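> Show me the folded form of this:
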Amino acid sequence: MSLLLSSAALSLLAGLIVWITGRRDPAESPMLTLGSLMTLLALPLLALLPKVTLELSTLPLPDSPAASAPTLHSIALIWVGGMIFFTLRILVDWGGLRQFRAESIPSNDSVVSQVLRECRSQLGLRRRVGIHIHPQTPTPLVAGLFRPVIYLPQDCNRWEQDTLRMVLMHELGHVARHDLWTNLAARCACVVYWFNPLVWWLRRKLVAQCEFACDARVIAAGTNPGNYASALCDMAESSALPASAMAMAGRAPLRARIERVVRCRSKGHPFIVAAALLLTVSASLGLSVVRLSPAQSGMSLQGIGNDSLSTLYSPEELFLRSTARAFPLD
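Numbering: from 1, shown residues only. Okay, the predicted model is just below:
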């Protein structure tokens, strides 16, 4: 039960911090959002740390009935059942991705291969990335944790070379930034805290921030912002895409991305993100390690000696209590 309360409090704090830092610029660094989700993932392990009990000087309150064992057992069963359900969804998505890959064919276009090598060299990416053509994908996307593959639509051979360069630069940016692993970590956090809508919101925010970051890389490589915004609009499609993939015009808000590309806002101060992340991690440690306990009341009569009784009652009260009849009606 304490883990539920701690995760709810931490997700509320993390969501508030991410929302505040993103009000001025929605493309704020995704490190804060990712750090918050990773801290939530580590929260069950942090709960195993030794506890530090802090006594609070409060008035004695009547003991509240603790949650019964059957209630806690039911909550645990519901929690584990939800985790199993969403874990199965991830496995189904991976199976669908394998089928998606089997339906594609490797690209043998020399122009695509040449542009891919140039983009990899410009990004300093040494990792090998494949290019596949898929007849049913409406927008370019990249998928594959260990063997990343960029999937292009069937009509990509009619694209201009500048458009192809923008597309490959964006998708290779996801590989260079390890965004596929980031997406997996966010999905794992949603599996553990499937009942918490703030965790799902943090994941959507993280995916959008990764898209913003890759857009910024494309613009920094010398791409004309207007041309890139036009390419985003042309490739935006509302269709079902693999949940484990990162699409060029997928789940991130397209309008905000275009505004960001056209306006070319400067990034926020990194020390603000670092301070907010430090605050989130410190709060998680505090929720995991510190245990608040009311101060022991002196009104309890168990184990109280004569010296303690003399401090609680006057001599007259002690005399009356000692000489009182146990059964006054006899």
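> Okay, buried residues for the strand or helix carrying residue 70 please.
Residue 70 belongs to helix 69-102 when assigned by DSSP states H and E. Residues 79, 86, 90, 93, 97, 100-101 are the ones in helix 69-102 that count as buried (16 or more other C-beta atoms under 10 Å). To be clear about C-beta, it is placed using only N, CA and C from the backbone, and glycine gets the same treatment.
> so how far is residue 203 from residue 191?
Note on residue 191: its distance to residue 203, by C-beta to C-beta, to the nearest Å, is 11 Å.
> Just want to know which of those two has more residues nearby.
residue 203 (22 against 19; other C-beta atoms under 10 Å).
> show me what contacts that one?
Shown in contact with residue 203 (C-beta atoms under 8 Å, 6 or more residues apart in numbering): 37, 186-187, 189-190.
> Export these to TSV and append columns for pLDDT and neighbour count.
Output for these, formatted as TSV (pLDDT from 0 to 100; neighbours: other C-beta atoms under 10 Å):
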residue	pLDDT	neighbour count
37	89	28
186	94	25
187	94	18
189	94	26
190	94	20
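> Between which two of those is the distance greatest?
37 and 187 (9.6 Å; C-beta to C-beta).
> how about stretch 131-145: buried residues?
For stretch 131-145, by 16+ other C-beta under 10 Å, it's 131-134, 137-144.
> Revised request: answer the last question for stretch 161-176.
Buried residues in stretch 161-176 (16+ other C-beta under 10 Å): 163-176.
> Which two of those residues have the greatest separation?
The widest separation within the buried residues of stretch 161-176 (C-beta to C-beta) is 20.2 Å, between 163 and 176.
> Leaving out chain neighbours, which residue sits closest to residue 37?
residue 189 (4.4 Å; C-beta to C-beta, 6 or more residues apart in numbering).
> wait, isn't the one you found in contact with residue 199?
Yes: here residue 189 reaches residue 199: they are 5.6 Å apart, a contact under C-beta atoms under 8 Å.
> what sits in contact with each of these two?
What both residue 189 and residue 199 touch, as defined by C-beta under 8 Å, 6+ apart, is the set 37, 40.
> What segments of the chain are helices?
Along the chain, counting by DSSP state H, helices occupy 2-24, 31-46, 69-102, 110-123, 161-176, 179-192, 197-220, 225-235, 254-263, 270-289, 306-312, 315-323.
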